[in-house]
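Engineer: Need the 3D shape of this:
(chains A and B)
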Amino acid sequence: MILVELRKLIRRPRTWLTIGLLTALPTIVAIFLATTKVAPRPGEGPAFLSAVLANGALYPAAALGIVLPIFLPVAVAVIAGDSVAGEASAGTLRYLVCRPVGRTRLLVAKLVSVIVFVLLAVVVVAGVGYLVGTQLFGSGPLSSTSGTSLSTTQATLRTILAVGYVGFSMLGVAAVAMFLSTVTDSALGAALGALALLVTSQVLVLLDAAASVRPYLPTRYWLAFVDLFRDPVLWRDVGRGFALQAVYVAVFLAAAWANFATKDVAS
Amino acid sequence: MVSVLRRLATWRWAAVAIGALALAVLPTAVGAWPVAASSPSPDVLLARVRSSATVAFSGYAEANGTLAVPDVPQLGDLPALLGGTTRLRAWYAAPDRWRVDTVKPAGEDGTYAATGGTWLWEFDPGRATLVTGEPPVRLPRAADLLPPDLARRFAAAAGPDELRSLPPRRIAGRTALGLRITPRDLATTIGFVDLYADAATGLPVRVAITPRDATTPALTAGFLDLRLAAPDRVLLTFTPPAGVQVTTTAAPDITALVDRFAPYMLPTALAGLARRDVVAGVPRGVATYGTGFGLVAVLPLSADVAHGVLRRLSGPPAGPLKLDGVADFEGSTIATPLLNAVAVRLGRRFYLVAGTVGEAPLGRAVAALAANPPPRRPT
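Structural biologist: Okay, here's the model as predicted:
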C-alpha cells in the first residue's frame, strides 16, 4: 500500500512541478543578489540572506528561510489536502476502501507519501540552494552566527539538521490538511482550511495581545532552525518546535483516523 | 450495524478529544505544581541577592518592556530594551568574565567581557569591535537586563522597611524565593518590584517592575533556562572569524564628552533632591539626584547633540514641555509609566533631565536649573 502511494507520488508530474517551483524562488533571489550585490539591510529580509554574499555555503539555509513562510506550507497543504479528498473528488476513494486493506493502513500510506514529499522538497531546495549559492557567491569556511568557525563536518551536520527540522515543521500543516481532507471531498477546500489556520497562526504570533497562546501556535517555532547555527546550538526552541509539531501531528492524525475509519464513503 | 458504527465513531472521537485535552493541559499542570520551600526573612534574602555576584551560571532569559521611549540615536539601544522583548543567552563566570548574546530572529549580537576589554560581535553585518576601558557612565545595554544584574540594582537601593516576602515559585526549573520591594519614596514612579531568587544560591532569576498605580509590570526579566555551574572557558573567549571587519576603540566616556562641550558645575542639590554622584573624585558635569528609588539624572548637552535630540522629539510619543515661571525655553517630554525625561533648551544651554520620578518633580528640577544656571567650570 505504502509503495503504491509512493510510486504514485513519484510518477505524478505535479510533484516535480511543485518542487521545481519551490526551488525557482531561491534561485531567482540568488540571481538578483549576485547581479546587483545589494543584500538586505542588517536585520531585514529572510534569515542569512544578507550574509550569503560573503559565503555561498550559507545559501541552503537562506533558501529554506525564503520558502519557509509561504511557499513550502502552501505546497504541503495542497499535496496533503489532496491525499484523501482528491481520491474522493475523482471518484476513486470508494474503490480504494473496497480493497482488502484497512482504512487506517490507507491513511498511514497517504501520510507516509506526504512525509516523503515534504522531505524530498526540503532536500531539493537545500541541495539546489547549495549549488546555486556556491556557484554564484563562492564558498568558504562557515562560521556560526556567534562568530566562531565551524568545521566542515559541523557545518554539514548543522545544515542537515536544519533541513530535517524545516521538514518536520511542515508535518503539522500536513496533518491538519490531511484531517480536513477526510472531512471534505474538496481537495481545494482542505488545502485552504489548512492555510487559513497557518495565516491565523502567523498573525497571532506577531500579536503581543496573543502572547498567552503563542507557544501553542503551529508556526511559532518555524524559524528556530536559525538556532542550529548558533554556538553553542540553542536547543530550546528547536526542541519545543519538534515537540509542538509532534503534538499537532498526533492530534490531527488521530482526528483524521477517528473521522475516516467510520466515514460513509460514497464517492 | 449502523448503531455499532456510530458507537465506534463516538468512542474514537472521545479518545481523540481526551488525548488532545491531556496534551493541552499538561504544560499548565506542570507549571502550576505547588512549590514547597521554607523562606528566610526578607532582609536575609535581600542580603543573599546583594552578594550573589559570585554565583556562576549559564542560561537563557527573556526581558519584556512596554515603555514607549522614542527612537533617538543618542539613546542607543534604550528604546528597544525598554519597549520590546529582548532574548538573552548568558554565560557568567565572574563580574569581569562573562558573555551575553542578544538572540535575534536571523542572527545575534554578542558581548564578551574579559580583563583586556570587551568584545562586541554583530553577526549582521559581520563586525567585531574590541572596546577597551570601562567608562564610569554608559548607556544601558542588553546585558543589563539579565535578571541578576537588574535585580541587584534594585536590591542595592532597598531598605529593610520596604520589604515583604512573596510565596515561592518554580522558575526555570528551580525553586525561587520571592521578595517584594515597595519604595517608601512617594516621588518615584516605581510602585513595587517583585524579585525572585534561587533558593539554593540567592541568584536572582526573575524581576518584575510595576509602576505606581498600576497592576501589571512595565518591565520584566526572567530566566527560562538556568544552569548553576561555571561555564566552559572556551565559551567566554572570542576570536574574530576570518574575513570580518575588526575595530579597536576606547569606550566612549560620556562624562568626559560632557565636560568638554558643556563644562557646568552642577549644584549639590536640585529642587530639594540631594546629589548622589556616581563618579568618584572631581565633580563632573553629569550628576544624579535623589535617594532610594527616585532618581533624577542631569546631563548637559552640546548644542549639536541637543538640536538633533529635540528634532527627533518634536512629535509623538514625545510631547511639548510646559514650564511655569520660566521665560526663555523650548523642550519636549517623554512620559512613560516608569521613566520620564525632558530634553530642554534653557536660554543658550541644553539639558537632558531624566529619572524614575513623576513629571512634576522632573519639571521642578528643570525649573531649578533655569532659575539658577550652574556656573561654568574654571579652565
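Engineer: Next one, pLDDT for the residue of the stretch 201-350 of chain B found nearest chain A please.
Structural biologist: Nearest residue of the stretch 201-350 of chain B to chain A: B:Pro241, at 4.1 Å (C-beta to the nearest C-beta). Backbone N, C-alpha and C define where each C-beta goes, glycine included. In this prediction, B:Pro241 carries a pLDDT score of 84.
Engineer: Am I right that it falls within a helix?
Structural biologist: No: counting by DSSP: H, G, I helix; E, B strand; the rest coil, B:Pro241 is not found in a helix; it is coil.
Engineer: Report the contact partners of it.
Structural biologist: For B:Pro241, the contact set (C-beta atoms under 8 Å, 6 or more residues apart in numbering or on different chains) comprises A:143, A:147-149, B:128.
Engineer: Kindly report the same for A:Ala121.
Structural biologist: A:Ala121 touches A:18-19, A:22, A:72, A:75-76, A:167, counting by C-beta under 8 Å, 6+ apart.
Engineer: center of the chain, which residue is that?
Structural biologist: Just so you know, I chose chain A. Using C-alpha atoms, centre = their mean, the residue of chain A that lies closest to the mean C-alpha position is A:Met170, 3.6 Å off.
Engineer: other chain: chain B
Structural biologist: B:Leu145 (4.6 Å).
Engineer: Do I have it right that it meets B:Phe223?
Structural biologist: No: B:Leu145 is not in contact with B:Phe223 according to C-beta atoms under 8 Å; the separation is 11.7 Å.
Engineer: could you measure the residue nearest to the centre of chain B against chain A, distance?
Structural biologist: Distance, B:Leu145 to chain A, by C-beta to the nearest C-beta, to the nearest Å: 18 Å.
Engineer: Check that residue and give its pLDDT.
Structural biologist: On the pLDDT scale, B:Leu145 gets 94.
Engineer: And for B:Ala22?
Structural biologist: On the pLDDT scale, B:Ala22 gets 87.
Engineer: And the next helix or strand past the helix or strand of chain B with the lowest mean pLDDT?
Structural biologist: Within chain B, confidence by mean pLDDT, DSSP states H and E is lowest for helix B:254-261 among all helices and strands, at a mean of 69. Where DSSP states H and E defines the elements, the next helix or strand beyond helix B:254-261 is strand B:269-270.
Engineer: List of residues touching the next helix or strand after that next one?
Structural biologist: Downstream of strand B:269-270, the first helix or strand assigned by DSSP H and E is strand B:273-274. When contacts are defined by C-beta under 8 Å, 6+ apart, strand B:273-274 is touched by residues B:268, B:289-291, B:294, B:296, B:361, B:365.
Engineer: give the contact list for the closest residue to B:Arg227 other than its chain neighbours.
Structural biologist: Leaving aside its chain neighbours, B:Arg227 sits nearest to B:Ser58 (5.1 Å; criterion: C-beta to C-beta, 6 or more residues apart in numbering or on different chains). Neighbour list for B:Ser58: B:89-92, B:226-227, B:229, B:231, B:235 [criterion: C-beta under 8 Å, 6+ apart].
Engineer: switch the cut-off to 6 Å
Structural biologist: B:91, B:227, B:231 (C-beta atoms under 6 Å, 6 or more residues apart in numbering or on different chains).
Engineer: Distance from the chain centre to stretch B:17-29, please.
Structural biologist: 36 Å (C-alpha atoms, centre = their mean, to the nearest Å).
Engineer: do it and chain A meet at all?
Structural biologist: Yes: counting by C-beta under 6 Å from any C-beta of the partner chain, chain A is contacted by stretch B:17-29 at B:20, B:23.
Engineer: hmm, who's touching that stretch?
Structural biologist: Against stretch B:17-29 from outside (C-beta under 6 Å, 6+ apart): A:247, A:251.
Engineer: mind exporting it as CSV, just the C-alpha atoms?
Structural biologist: In CSV, the C-alpha atoms belonging to stretch B:17-29 read as follows (Å, rounded to 0.1, in the frame of the first residue of the first chain):
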residue,chain,number,x,y,z
ALA,B,17,-10.7,14.5,22.5
ILE,B,18,-9.3,13.2,25.8
GLY,B,19,-5.8,12.8,24.3
ALA,B,20,-5.9,16.3,22.9
LEU,B,21,-7.2,17.8,26.1
ALA,B,22,-4.4,16.0,28.1
LEU,B,23,-1.7,17.3,25.8
ALA,B,24,-3.2,20.9,26.1
VAL,B,25,-3.4,20.8,29.8
LEU,B,26,-0.1,19.2,30.6
PRO,B,27,2.2,22.3,30.4
THR,B,28,-0.2,24.3,32.6
ALA,B,29,-0.4,21.5,35.1
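Engineer: ok, then the element right after the lowest-mean-pLDDT helix or strand in chain A?
Structural biologist: The weakest-scoring helix or strand in chain A, judged by mean pLDDT, DSSP H and E, is helix A:93-98 (a mean of 64). Per DSSP H and E, the first helix or strand lying C-terminal to helix A:93-98 is helix A:103-137.
Engineer: Which positions in that next one come out as buried?
Structural biologist: A:103, A:106-123, A:125-126, A:128-134, A:136-137 (16 or more other C-beta atoms under 10 Å in any protein chain shown).
Engineer: what does stretch B:178-185 give?
Structural biologist: Result for stretch B:178-185 [16+ other C-beta under 10 Å]: buried residues B:178-183, B:185.
Engineer: One more: stretch B:198-209?
Structural biologist: Neighbour-count burial for stretch B:198-209 [16+ other C-beta under 10 Å]: B:198-199, B:201-209.
Engineer: Dump the residues you listed to CSV, plus distance to chain A, secondary structure and pLDDT.
Structural biologist: What follows is those, written out as CSV (distance: C-beta to the nearest C-beta, whole Å; DSSP: H, G, I helix; E, B strand; the rest coil; pLDDT from 0 to 100):
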residue, distance to chain A, secondary structure, pLDDT
B:Asp198, 19, strand, 95
B:Ala199, 23, coil, 92
B:Thr201, 22, coil, 94
B:Gly202, 25, coil, 94
B:Leu203, 19, coil, 96
B:Pro204, 20, strand, 97
B:Val205, 16, strand, 97
B:Arg206, 16, strand, 97
B:Val207, 18, strand, 97
B:Ala208, 15, strand, 97
B:Ile209, 18, strand, 96
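Engineer: Relative to B:Ala63, how far out is B:Pro140?
Structural biologist: Taking C-beta to C-beta, to the nearest Å as the measure, B:Pro140 falls 11 Å from B:Ala63.
Engineer: B:Leu362 now?
Structural biologist: Taking C-beta to C-beta, one finds B:Leu362 at 25 Å from B:Ala63.
Engineer: Do you have the helices of the stretch 1-150 of chain B handy? List them.
Structural biologist: B:2-31, B:42-50, B:78-83, B:147-157 (DSSP state H, counting those that start in this stretch).
Engineer: same deal with chain A?
Structural biologist: For chain A, the helices defined by DSSP state H occupy A:2-11, A:13-36, A:59-67, A:71-90, A:93-98, A:103-137, A:152-183, A:187-205, A:235-261.
Engineer: Which stretch among those is buried most, on average?
Structural biologist: helix A:59-67 (a mean of 28; mean count of other C-beta atoms under 10 Å in any protein chain shown).
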